[in-house]
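Trainee: Could you work out the structure for the sequence below:
(2 chains)
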Amino acid sequence: MVSYELTVIALAVVSLFILSIFDKKVLRNFIIIFVGVLLLQYFTQALWLTVGLAKWSYLYQGVNWVITIGRTTMVVISIALIDFIFSKSSERARFGLYFIPIIITGIIGEAISSGRGIIQYHPKLLESFSGIKIIGSVPIEAFYYIPFFMLLVISFARYWQIILDNKETNKKRRSK
Amino acid sequence: MGIGVLIYELSIIATTIILWLFMTKKGYKNVTRKFIILFVGVILFEIISEPMWLNTGFDSWAYIYGDITWVLTLGWVNAFMLAILGVDYFYGELSEKKKFFLYLLFISALVIPAEAFMISLGVRGYAEFLLETMRSGIVIPVLYLPLESIYAVPIFCALILSFYKYINYLVDNRK
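Mentor: As a prediction, this is how the structure comes out:
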């Protein structure tokens, strides 16, 4: 099973390396998104079971930082892709567009993880779902769960990026 | 419990109306929009975490879907709005970063006693599988709340508050 953890970490490192060529703040943004995903994962941990991963990858009960890294990488790549293709569009338009790659990659990631039995849904969560599956064992409800989840994460990330960017600008202004 | 819950529901709705009127009278901008954004942020969170909570005993007109009640959502909105108004009034000169943590402190101070009150009223409870993850076994005296529910409050409030702040920023900056 360690191959899963190592693949996720390697994908994150490679993505960060490539993206850092275009965006000097990519590591900072990655950390902010990581915190956002982790907060939500911690809060909703009772709904998911993350099983069979290496002991060292668990932070607290079922909260696994490798899964957090995987989801963070997915968000960082999606944002970078949209920002690159639609660089001339308004922030509002890009914000809406982020969810297209996020839903696609999210469902694929969820299908891989749940297909391998790494992510399992709590029976109580499944009870509240329709029972219809899309790919593998991913419930159709992922179509709203993923964007709802990510709406909160991306808002958190963008809000903190703006705060930190403004702080940097103010520092530069003061030093001039 | 019936009349007590009805009074509770009506007091939440009345608080929202009073807050809205207060903000409108005082010249706050886009008051309705701010309430709507906050409401959406809270309800997103409630939808995601719906199987974890038991909101029982509310009147049937208060329920939207499953255990989600719009009255309780309004209650959360009131707590957020009061905290935002309070921090902006008393600490308006502080940086946004510092204010963010103060918002969380104020919201927690409002929400934690409200949570304890609702549990004592019997309209709020935690699903069995959620209680299983609260393994410390520590219960806060007087409030009778598990320790984990106390530190979960600022965690989810951080996400809802960011959503509120960022969406308002997006709408204000239409470039």
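Trainee: Find me the pLDDT at residue 33, would you?
Mentor: With no chain named, the answer covers chain A. We note a pLDDT of 97 for residue A:33 in this prediction.
Trainee: wait, I meant chain B there
Mentor: pLDDT, the model's per-residue confidence, is 97 for residue B:33.
Trainee: for chain B, what are the nearby residues on chain A?
Mentor: A:36, A:39-40, A:42-47, A:61-62, A:90-92, A:95, A:122, A:124-125, A:127-128, A:144-145, A:148-149, A:151-153, A:155-156, A:158-160, A:162-163, A:166-167 (C-beta under 8 Å from any C-beta of the partner chain). Yep, even glycine has a C-beta here, placed from its N, CA and C like the rest.
Trainee: Only whichever of the residues you listed are buried, select them in PyMOL.
Mentor: In PyMOL, the members of those classed as buried (16 or more other C-beta atoms under 10 Å in any protein chain shown) are selected with the following command:
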select buried, chain A and resi 36+39+40+42+43+44+45+46+47+62+95+122+124+125+145+148+149+151+152+153+155+156+158+159+160+162+163
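Trainee: contacting residues around residue B:161?
Mentor: With contact set as C-beta atoms under 8 Å, 6 or more residues apart in numbering or on different chains, residue B:161 has these partners: B:41, B:80, B:100, B:103-104, B:107.
Trainee: From residue A:138, how far off is it?
Mentor: For residue B:161, the distance to residue A:138 equals 30 Å [C-beta to C-beta, to the nearest Å].
Trainee: any idea where the helices of chain A begin and end?
Mentor: Using DSSP state H, the helices assigned to chain A run over residues A:2-22, A:26-43, A:65-85, A:91-115, A:123-127, A:142-175.
Trainee: hmm, back to that, restricting to the contacts of residue B:161, which residues neighbour chain A?
Mentor: B:41, B:100.
Trainee: From the contacts of residue B:161, list just the buried residues.
Mentor: By neighbour count, with 16+ other C-beta under 10 Å, the contacts of residue B:161 hold B:41, B:80, B:100, B:103-104, B:107 as buried.
Trainee: pLDDT and secondary structure added to the residues you listed, as TSV?
Mentor: TSV is the format used below for the buried ones among the contacts of residue B:161 (pLDDT from 0 to 100; DSSP: H, G, I helix; E, B strand; the rest coil):
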residue	pLDDT	secondary structure
B:41	96	helix
B:80	97	helix
B:100	96	helix
B:103	97	helix
B:104	96	helix
B:107	95	helix
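Trainee: Any idea which of the helices of chain A gets closest to residue B:33?
Mentor: Taking C-beta to C-beta as the measure, those were each checked against residue B:33, and helix A:91-115 came out nearest at 14.1 Å.
Trainee: Just the residues contacting the closest one, thanks.
Mentor: Helix A:91-115 is contacted by residues A:67, A:70-71, A:74-75, A:77-79, A:81-83, A:86, A:89, A:119-121, A:134-138, A:142-143, A:146-147, A:150-151, A:154, A:158, B:170-171, B:173-175 when judged by C-beta under 8 Å, 6+ apart.
Trainee: For the chain, which residues score under the pLDDT cut-off?
Mentor: Just so you know, I chose chain A. A:1, A:172-176 (pLDDT under 70).
Trainee: oops, I was thinking of chain B
Mentor: For chain B, residues meeting the criterion pLDDT under 70 lie at B:1, B:175.
Trainee: for it, what spans make up the helices?
Mentor: B:2-25, B:31-48, B:70-90, B:96-121, B:128-131, B:147-172.
Trainee: TSV please, covering these and showing distance to residue A:52.
Mentor: Formatted as TSV, the entries for these read as follows, by distance: least, C-beta to C-beta, whole Å:
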stretch	distance to residue A:52
helix B:2-25	44
helix B:31-48	24
helix B:70-90	36
helix B:96-121	35
helix B:128-131	20
helix B:147-172	25
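Trainee: quick one: which of these is nearest residue A:24?
Mentor: Distance to residue A:24, taken as C-beta to C-beta, is lowest for helix B:96-121 among the helices of chain B, at 21.1 Å.
Trainee: Tell me the residues on chain B that lie near chain A, please.
Mentor: Proximity of chain B to chain A is assessed by C-beta under 8 Å from any C-beta, with B:41, B:44-45, B:47-52, B:66, B:95-97, B:100, B:127, B:129-130, B:132-133, B:135, B:152, B:155-156, B:158-160, B:162-163, B:165-167, B:169-171, B:173-175 identified as the residues in range.
Trainee: 7 Å instead?
Mentor: Chain B comes close to chain A at residues B:44-45, B:47-52, B:66, B:96-97, B:127, B:129-130, B:133, B:152, B:155-156, B:158-159, B:162-163, B:165-167, B:169-170, B:173-175, as judged by C-beta under 7 Å from any C-beta of the partner chain.
Trainee: Got a quick ChimeraX command for the buried subset of those?
Mentor: Here is the ChimeraX command that selects only those of those that count as buried (16+ other C-beta under 10 Å):
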select /B:44,45,47,48,49,50,51,52,127,130,133,152,156,158,159,162,163,165,166,167,170
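Trainee: before we move on, back to that, mind checking which of the helices of chain A is nearest residue B:5?
Mentor: Closest of the helices of chain A to residue B:5 is helix A:123-127, at 24.9 Å (criterion: C-beta to C-beta).
Trainee: Okay then, goodbye and thanks.
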